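1. Got a sequence here, can you model it:
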Amino acid sequence: MEKPMYEAFFQDPPRLGNQYDEDSYVQGLLKRYVPAELHDQMNKELSAFGKRCATDLLHKSHEMEIQQPYLVQYDAWGNRVDNIVTSQHWKDMHDISAVEGLIATGYERKYGAFSRMVQQTKHYMYAPSSGFYDCPLAMTDGAAKLCELILEHNDPNNKNINARNRIKCPPESLPHVRNAYERLTSRDPKRFWTSGQWMTERKGGSDVASGTTTVAKKQADGTYRLHGFKWFTSATDADVTIALGRVEKDGKLVEGSKGLSCFLVRVRDDNGKLNNIRIHRLKNKLGTKQLPTAELELCGTVGYLICEEGRGVATIAELVNTTRIWNSIGACGHMRRIIALARDYMHRRMVFGRTLNEHPIHLETIANMELELRAGTILTYDLLARWGNIELGKGDDDDVNLLRLLTPIAKLYTAKQCVAVTSEGLESFGGAGYVEDTKLPRLLRDSQVLPIWEGTTNVLSHDVLRVLTTNPKAVPTFFKVVTARVEAAKKKNAELAPYVDQVLGALRRLQAFLQKASTVKPGSMLEVFGRDFAYSIARIYMASLFIEHACWSGLESDKYTLSRWVRCVPLTTHNVDSAQEARDKEIRSLALDLDSNGKPRGFGDQNVDGTPRSRL
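-> Alright, predicted model coming up:
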């Protein structure tokens, strides 16, 4: 072969280092939150796991993308088997999760009130190296938390349970709940169970009150038989699941949320036989292709009622709150991963005679990405601190109120941040960021599920507005805590005064918006600008945390982070600042593309000439 007439060049790819040792920001947060006597043990555990997330676990996640799950519905002799085949690497993640205590750490509580923080720091590093195995782990933690609460609430010796919030579980179901809890929180791979959550049906997943058609029929032995179709069941290979079903009362199905109950379901029996479940197909998704997600039918599936009949939505909310926090941490973990890769790559990539790290415009881009990551991270770690306090009985009313308000806000905001940051990060690799062989595009495809799973941005914005009525103390607590936090920092460090004044000004604008909204047509202004309201709370709270952290650390980098956040990110949105009533005609005209007669365009079964519109 002739020698090529051109110079052969091969770009040096990015490298990934220890995901804990190289993360100075998370280390700083842990140093502030966690008592010094726990640092040595904690740092050793996290550093060891941070290395795994950049080595063997990273390799497994790449292989899982290649060896994707598939469904075998029939055996060679025509028998219906509905067997989901997953790779050995996916199975390995089950055992690794158990041994590493990715669930157990949150319940062993050897780090006390900071156990959740240590657990979720491991998750933060693990998420982008897990092949999205953190999805079943999120649901496993949610199910474990629900089981733990049920056992606490039904302990006759526990006199501290608020009767109004108590989850009353039928006595015959308690042994099954206890067994599930012990397995869901086990470090023994042979005993460790994972859990799913089966709520989404053909009508959708968020509006479970009208969308749930699964019927639960009570049996003579106290169990229930579930009949229905679940349209989107992630981690279908889990051992157990939490499912919603509609119970009969006086021979009739009860409509709305009052008819829904919560059930614990074994997916297979001890011999591996499905529990009267038919798996119709696996979903062909944009991302998370390593994760088996199925459409399935419940054909008399045995379930154990774990709450009072009709209290299913309130009961499963405990699970959803946990998975939303996992979603928030996972979003931060994915942002961290793309930044880590881009940061290494900019020292290797030569463009216009200089490496990328010598181009100011590129550094500005990476700095903005890092800013968003730090904002999402400092918010979620504040939630972890409050969650840990509540679990150990050390939390106060402020912790409870803020956890309720900020959990959906953290989920919706970090998810949006993650997609934007990951997309921006891919650009820093140029064309290589668009080529699947580099393994980079998967980060964006997988990130896109984060704003959708566990409630879209609009659904969660509605949930935030619901807090105004269901927990009227939550928003006043937000104003109180933020004001006290920044005022305290200002007293300690006068240099922070300009930033404190900006946060206080944003609080006043947000308060004016709420007052104006209360004077117009009930709910209209808040509902239209629900996103703006949630975003403003997130950004103001993040700014207050940046102030507090900069005051504590005294580091220049933390002061730069604070300065950049209040300078470059509007703490309140335009719609909140203007406090104007929603322009209904303007919104409808643009959203519906109204014609001159006020009729909407672009929908229906026929074109204007009578020909059929194409069906996707």
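2. where do the helices sit along the stretch 51-200 of the chain?
-> Remark: helices assigned in the stretch 51-200 of the chain by DSSP state H, counting those that start in this stretch are 56-66, 88-99, 105-108, 115-126, 134-153, 174-184.
3. contacting residues around the shortest one?
-> Taking contacts as CB atoms under 8 Å, 6 or more residues apart in numbering, the residues outside helix 105-108 that touch it are Gly101, Tyr111, Ser115, Arg116, Val118, Gln119, Lys122, Asp141, Ala144, Glu148, Thr185. In short, each C-beta sits where N, CA and C put it, glycine included.
4. mind checking how far the closest residue to Phe114 other than its chain neighbours is from Cys53?
-> Excluding its sequence neighbours, the residue lying closest to Phe114 (CB to CB, 6 or more residues apart in numbering) is Val34, at 4.8 Å. Val34 sits 20 Å away from Cys53, going by CB to CB, to the nearest Å.
5. just checking, what's the longest strand in the protein?
-> Across the chain, the longest stretch assigned as strand under DSSP state E is strand 293-305.
6. Counting by contacts, list what it packs against.
-> For strand 293-305, the elements it packs on are strand 224-234, strand 240-249, strand 260-266, strand 277-282, judged by 3 or more CB pairs under 8 Å, 6 or more residues apart in numbering; DSSP states H and E.
7. of all these, which gets the most neighbours per residue?
-> For those, average neighbour numbers computed from mean count of other CB atoms under 10 Å are highest in strand 260-266, which has a mean of 25.
8. strands paired with it, and their directions?
-> Its sheet considered, strand 260-266 pairs with strand 240-249 (antiparallel), strand 293-305 (antiparallel) by DSSP bridges.
9. Can you list the buried residues in the last one?
-> Of all the residues in strand 293-305, those buried under the rule 16 or more other CB atoms under 10 Å are Thr293, Ala294, Glu295, Leu296, Glu297, Leu298, Thr301, Val302, Gly303, Tyr304, Leu305.
10. cool, stretch 10-25 as well?
-> Pro14, Leu16, Asn18, Gln19, Tyr20, Glu22, Asp23, Tyr25.
11. Per-residue pLDDT of the last one, please?
-> What it means is Tyr25. If you check Tyr25, the pLDDT there is 98.
12. ok, now which ones touch it?
-> Contacts of Tyr25 were listed using CB under 8 Å, 6+ apart, and they are Leu373, Arg374, Thr377.
13. Go ahead and confirm Val482 touches Ile540.
-> Yes. Under the criterion of CB atoms under 8 Å, Val482 makes contact with Ile540 at 6.3 Å.
14. Mind listing the shared neighbours of these two?
-> Overlap of the contact sets of Val482 and Ile540 (by CB under 8 Å, 6+ apart) consists of Val503, Leu507.
15. circling back to that earlier point, closest to Gln515 among the buried residues of stretch 10-25?
-> Ranked by distance to Gln515 (CB to CB), the buried residues of stretch 10-25 are led by Tyr25 at 36.8 Å.
16. so the host helix or strand of that closest one versus helix 115-126, what angle?
-> If you go by DSSP states H and E, Tyr25 is part of helix 24-33. Compare the direction of helix 24-33 with that of helix 115-126 by axes from the mean of the first three to the mean of the last three CA atoms, to 10 degrees and you get 170 degrees.
17. I'd like the C-alpha coordinates of helix 24-33 written as CSV, please.
-> What follows is helix 24-33 as a C-alpha-only set of coordinates in CSV (Å, rounded to 0.1, in the frame of the first residue of the first chain):
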residue,chain,number,x,y,z
SER,A,24,-13.7,19.9,44.9
TYR,A,25,-17.2,21.5,45.2
VAL,A,26,-19.0,18.4,46.5
GLN,A,27,-16.1,17.8,48.9
GLY,A,28,-16.5,21.4,50.2
LEU,A,29,-20.2,20.9,50.8
LEU,A,30,-19.6,17.6,52.7
LYS,A,31,-16.9,19.3,54.7
ARG,A,32,-19.4,22.0,55.8
TYR,A,33,-22.3,19.7,56.5
